[in-house]
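S.K.: 3D, please:
(one chain, ligands or ions: 2)
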Amino acid sequence: MTTAPAAPVIARTNGPLDDALKQLADAVGLLNYDEGLHHLLAKPRREMAVSIPLRRDNGTIEVLSGYRVQHNFSRGPAKGGLRFSPDVSLDEVRALAMWMTWKCALLDVPYGGAKGGVTIDPARYSSNELSRVTRRYTNEILPIIGPDVDIPAPDIGTDEQTMAWIMDAYSANVGYTVPAVVTGKPVSLGGSLGRPSATSRGVVHVALAALSYRGIAASDATAAVQGFGKVGAGSAQFLAEAGVRVVAVSDQYGAVHNEFGLDMPSLHAYVSNTGTVSGFAGADPIDPNELLTLDVDLLVPAAVESVIDATNAHRIQATIVVEGANGPTTADADEILRERGILVVPDILANAGGVIVSYFEWVQGNQAYWWTADEVDQRLASRMKQGWTSVLDMAIRRDLTLREAATVTAVSRVADAHLTRGLYP
Ligand SMILES: NC(=O)C1=CN([C@@H]2O[C@H](COP(=O)(O)OP(=O)(O)OC[C@H]3O[C@@H](n4cnc5c(N)ncnc54)[C@H](OP(=O)(O)O)[C@@H]3O)[C@@H](O)[C@H]2O)C=CC1
Ligand SMILES: O=C(O)CCC(=O)C(=O)O
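M.R.: Ligands and ions are numbered 1, 2, ... in the order given. Model (predicted):
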């Protein structure tokens with residue numbers, strides 16, 4: 001495509017945005033793109049930072065910060081989740097938006113990438129307060145979202161109720177009901193069957209494919225899962241249903257371990273009563289950091305970014321890491337895992353099930369025709385397996401890591417769209 005030398009690579013990384021930029025720089029180098037195209041792909045196309053005043057139930061006023069970053073829309077409307085977390089920052093949202101662009105391109109979902117965030121710990125706020133925050137945030141970002149512009153979905157700390165509030169606030173503003181402005185909404189409002197479980201089902205499809213590639217039968221395999229939210233809990237459950245012995249899980253409050261395998265129905269029942277895995281009687285408590293370095297076949301980080309870093313990557317004992325979370329492995333750690341021969345199935349492939357079924361939801365809504373849960377699950381399985389096979393084939397053919405193969409494929413699709421449309425600066 002171009003003949004300029006490979007782009008310079010950032011040597012050390014500091015936070016998810018640097019990790020995302022390093023991954024892009026590596027792909028740009030492998031694709032031999034010039035600096036102009038590199039910068040075009042590195043910069044978000046549009047970002048919005050907003051203040052969200054909130055009157056608390058007790059009458060006091062707080063002002064929260066909110067962001068929506070649209071990294072790219074060359075292949076279609078921007079798409080990506082909305083995160084409610086006290087740790088949200090603009091740079092984090094930029095990284096997450098860039099990963100969404102690559103994820104949609106890799107799985108050939110006709111979207112660009114976006115992400116949103118609000119600096120709030122949802123556990124400390126009432127449902128009424130969260131409704132007011134969500135509606136005010138929606139009103140603030142209204143000019144840049146819409147079913148053909150940018151379509152939010154759930155992420156950390158948000159769920160289908162949050163999506164229902166966004167849809168209602170957006171619809172009230174434009175004067176008619178617009179279900180397609182969000183995905184991951186309740187089925188009663190036009191959501192898709194299978195969306196709540198889609199990300200974790202997708203994680204397990206590629207995890208089982210990776211085990212098979214490494215010659216490990218699911219029934220002989222052990223796994224540890226970090227995070228027990230929408231992605232982690234489902235991943236643990238579907239792994240167990242596939243015959244994998246899930247020996248450890250964790251959440252913000254702690255981690256539990258049982259070398260004979262956790263009893264999933266009892267664990268799920270315990271968590272729905274208590275809100276945490278901590279204290280589960282069918283297991284022993286362990287240090288949450290220890291979960292990452294357990295001697296298991298499969299490690300599924302499904303919580304937050306940068307949990308596998310240069311300080312613990314040397315001690316990871318898993319044969320395979322399947323990134324349920326976005327950005328759980330820092331660039332430094334990625335290099336260490338590669339040197340140690342640990343297979344890393346990258347986030348933009350491993351957790352793509354969510355956006356795939358979000359796309360199915362959008363398609364079903366646009367056609368006003370809904371599929372059965374089996375249809376959704378089968379189409380999801382087929383796309384995930386196809387994604388895995390094409391990434392693995394390229395990695396083997398070109399002697400790349402799975403992350404390099406996935407990122408190169410995605411970046412080249414986005415770059416092709418730019419160049420074909422004539423959007424080159
Ligand atoms: N939801 C989706 O469809 C998709 C999500 N993802 C990614 O998956 C990851 C998890 O998202 P999701 O499951 O939706 O979010 P949730 O909010 O549903 O769950 C997050 C989980 O992570 C736990 N957690 C937070 N911090 C830590 C920590 N330091 N150590 C261990 N556990 C921790 C939380 O604990 P606690 O329960 O105690 O709060 C919770 O169990 C994120 O990276 C997200 O971007 C990717 C693709 C799609
Ligand atoms: O379903 C979506 O649109 C996006 C999900 C998401 O935020 C992600 O894949 O990280």
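S.K.: can you list the residues of the chain near ligand 2?
M.R.: Proximity of the chain to ligand 2 (C-beta under 6 Å from any ligand atom) is limited to residues 79-81, 100, 103, 153, 155, 183-184, 326, 351, 354-355, 358. For glycine as for every other residue, the C-beta is placed from the backbone atoms N, C-alpha and C.
S.K.: farthest pair within these?
M.R.: Across those, no pair lies farther apart than T183 and N326, at 16.9 Å, counting by C-beta to C-beta.
S.K.: in three-state terms, label the residue in the chain that ligand 2 sits nearest to for me.
M.R.: In the chain, no residue comes nearer to ligand 2 than G81, which is 2.5 Å away by C-beta to the nearest ligand atom. Classification of G81 using DSSP: H, G, I helix; E, B strand; the rest coil returns strand.
S.K.: which regions of the stretch 1-150 of the chain sit below the pLDDT cut-off?
M.R.: Within the stretch 1-150 of the chain, the stretches with pLDDT under 70 are 1-13.
S.K.: residue boundaries of the strands in it?
M.R.: Counting by DSSP state E, counting those that start in this stretch, the stretch 1-150 of the chain has strands at residues 46-55, 61-72, 78-84, 113-118, 150-154.
S.K.: need the residues that contact the last one.
M.R.: The contact list for strand 150-154, computed with C-beta atoms under 8 Å, 6 or more residues apart in numbering, reads 68, 70, 73, 77-82, 111, 114, 116, 144-145, 160, 162-163, 166, 180-184, 230, 354-355, 358, 362.
S.K.: between it and strand 61-72, how many degrees?
M.R.: Interaxial angle of strand 150-154 relative to strand 61-72 (axes from the mean of the first three to the mean of the last three C-alpha atoms, to 10 degrees): 120 degrees.
S.K.: and what of the third one?
M.R.: For strand 78-84 against strand 61-72, the angle by the same axes, to 10 degrees is 150 degrees.
S.K.: how far off centre is strand 78-84?
M.R.: 9 Å (C-alpha atoms, centre = their mean, to the nearest Å).
S.K.: now do the buried residues in it.
M.R.: Within strand 78-84, the residues that count as buried by 16 or more other C-beta atoms under 10 Å are A78, K79, G80, G81, L82, R83, F84.
S.K.: and if you look at the longest one?
M.R.: With burial defined by 16+ other C-beta under 10 Å, the residues of strand 61-72 counted as buried are L64, S65, G66, Y67, R68, V69, Q70, H71, N72.
S.K.: got the CA positions of that strand in PDB?
M.R.: Included here for strand 61-72 are C-alpha records, laid out as PDB according to Å, rounded to 0.1, in the frame of the first residue of the first chain:
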ATOM      1  CA  ILE A  61     -25.300  18.100  44.700                       C
ATOM      2  CA  GLU A  62     -22.400  16.300  43.000                       C
ATOM      3  CA  VAL A  63     -20.900  16.900  39.600                       C
ATOM      4  CA  LEU A  64     -19.700  13.800  37.800                       C
ATOM      5  CA  SER A  65     -17.500  13.700  34.700                       C
ATOM      6  CA  GLY A  66     -18.600  11.800  31.500                       C
ATOM      7  CA  TYR A  67     -17.000  11.000  28.200                       C
ATOM      8  CA  ARG A  68     -17.900   9.600  24.800                       C
ATOM      9  CA  VAL A  69     -15.100   8.900  22.400                       C
ATOM     10  CA  GLN A  70     -15.700   7.900  18.800                       C
ATOM     11  CA  HIS A  71     -12.500   6.500  17.500                       C
ATOM     12  CA  ASN A  72     -13.500   5.700  14.000                       C
END
